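Q: show me the folded form of this:
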Amino acid sequence: MLAFALIIASMVAAAAPASSPFVQEGHPMSGTWVGDWGPDSEERHRVVVVMEWTGDALVGAINPGPDAIPMRVATVDPTDWSVHIEADTTDAEGRDVTYVIDGTIDDLGTYNRSIAGTWNAGGTPGDFSITRQ
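A: Residues are numbered from 1 along each chain as shown. This is a model prediction of the structure:
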C-alpha cells in the first residue's frame, strides 16, 4: 500500500508543474507583441512585433510576413527592463527609413505585459504601445 501511495504521489508531483501558475514561460521578451505607433493621438499605425531570445541575443521582426522588417539591433537591459530596437526598411517611394524604438516593459510579471515608449520612423517621431499576445 505504501508503494502504491508513493507511486501516486510521484505522479501528482510530476504533473503539478505543468498546471502550476509558476511555470516558467521563457524570456520576458519572447513572443508576439501587438499595438500601435504614431506621431500623435490621431494618426496611429497598427504594428506587430515578433521577438525571440536565442540564448545570447534578442532577434525579431516588425510586421512579420512578406514585407517583414528584420531587427538590425535589439537589446533589453534587465536592470530597468528598457528595450532598444533599430530596423531598416524602405518606404512606398523606395527611400531608406530607419526605425529607432525605445521603450520600457510594464507589468513584467504578467503574461500580457506591455512595452511603451518612443518610436522614430525615418525622422518622424512618435510614441508606441504594444502588448504581448
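Q: nearest residue to the residue nearest to the spatial centre of the chain other than its sequence neighbours?
A: Nearest to the mean C-alpha position of the chain, by C-alpha atoms, centre = their mean, lies Met29 at 4.3 Å. Distances taken as C-beta to C-beta, 6 or more residues apart in numbering place Met51 nearest to Met29, at 4.9 Å, with adjacent residues excluded. (C-beta placed from N, C-alpha, C; glycine too.)
Q: try His84
A: Closest to His84 by C-beta to C-beta, 6+ apart is Thr75, at 4.9 Å.
Q: give me the helices and strands touching the helix or strand containing that neighbour, please.
A: Element membership for Thr75, per DSSP states H and E: strand 69-77. Under the contact criterion of 3 or more C-beta pairs under 8 Å, 6 or more residues apart in numbering; DSSP states H and E, strand 69-77 touches strand 58-62, strand 82-90.
Q: for these, which one ends up most surrounded?
A: Among the helices and strands packed on strand 69-77, strand 58-62 has the highest mean neighbour count (mean count of other C-beta atoms under 10 Å), at a mean of 19.
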